[in-house]
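Novice: This is a predicted model, with the sequence first.
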Amino acid sequence: MDAVEIVQLSPQDWQLFRQIRLEALQDSPQAFGSSYSFMASQPDSFWQNRLSSAATGQDSWLLFARINERIVGMIGAYIPEGSPIPRVVSVYVTPEYRRTGVSRGLMDAILNVLKQKGSFQIVELGVIHDQEAAFRLYRRYGFEIVAKNEKVSGDGQPHVEYMMQRSLLPK
């Protein structure tokens with residue numbers, strides 16, 4: 001397999017972001033909080049603004065996996081309003097590149113970004129209980145279940161979600 005590059009996209013590359021996000025919502029709608037139809041209806045400025053905001057690195061981040069100029073994965077993080085704990089979101093890898101290390105590259109990169117901020121002690125994420133590959137990945141990275149709840153996902157159905165956390169402090 002060719003080398004995986006972890007990159008940020010500029011607002012001018014919004015179409016690449018839109019394409020991978022919509023692919024993710026079609027492939028695994030239960031894993032995301034937004035629906036395909038809602039996201040597909042967003043104007044160009046929505047995608048551009050998300051990338052602009054992420055580029056500042058203040059309270060949201062978006063990273064992408066690129067192989068041979070093709071975007072094959074994404075990961076994000078943001079700071080929920082009123083919380084000091086950043087949340088990892090939007091973890092997705094195109095099916096043909098799963099089990100090739102792309103998700104590990106994305107996870108390494110986003111955790112490094114959050115560690116470099118220096119002010120975060122813990123990071124969290126949510127995973128639908130039957131997303132077994134994602135759950136295994138998060139466990140390998142030291143995430144532990146801290147809560148279990150039910151939420152309606154992008155597929156419009158209720159799912160059991162595990163909230164997981166891990167330390168960002170050096171060991």
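Specialist: That came through, no problem.
Novice: contacts, neighbours, all on C-alpha from now
Specialist: Will do.
Novice: Next, the buried residues of stretch 160-171.
Specialist: 160-166, 168 (16 or more other Cα atoms under 10 Å).
Novice: Show me where this protein dips below the pLDDT cut-off.
Specialist: Residue ranges of the chain with pLDDT under 70: 1.
Novice: Contacts for the longest helix out of those in it, please.
Specialist: The residue-count maximum for a helix in the chain (DSSP state H) belongs to helix 102-117. With contacts defined as Cα atoms under 8 Å, 6 or more residues apart in numbering, helix 102-117 is touched by 4, 6, 61, 63-65, 73-77, 86, 88, 91-93, 120, 137, 168-169.
Novice: Among these, which are located in strands?
Specialist: 6, 61, 63-65, 73-77, 88, 91-93 (DSSP state E).
Novice: Quick check: the farthest pair among these?
Specialist: Comparing every pair within the ones in strands among the contacts of helix 102-117 by Cα to Cα identifies 61 and 93 as the most remote, at 17.0 Å.
Novice: Make sure residue 127 is indeed in a helix.
Specialist: No. Counting by DSSP: H, G, I helix; E, B strand; the rest coil, residue 127 falls outside a helix, being strand.
Novice: How many residues are close by it?
Specialist: 23 (other Cα atoms under 10 Å).
Novice: That one bridge partners, please.
Specialist: Here residue 127 sits in beta bridges with residue 162, going by DSSP bridges.
Novice: Chain neighbours aside, what residue packs nearest to residue 86?
Specialist: Spatial nearest neighbour of residue 86, excluding adjacent residues (Cα to Cα, 6 or more residues apart in numbering): residue 79 at 4.4 Å.
Novice: Residue 147 too?
Specialist: residue 163 (5.1 Å).
Novice: ok, now residue 161?
Specialist: residue 128 (4.3 Å).
Novice: again with residue 124
Specialist: Residue 124 sits nearest to residue 165 (Cα to Cα, 6+ apart), 4.2 Å away.
Novice: Can you give me the distance of the one you found to residue 147?
Specialist: Separation of residue 165 from residue 147 (Cα to Cα, to the nearest Å): 9 Å.
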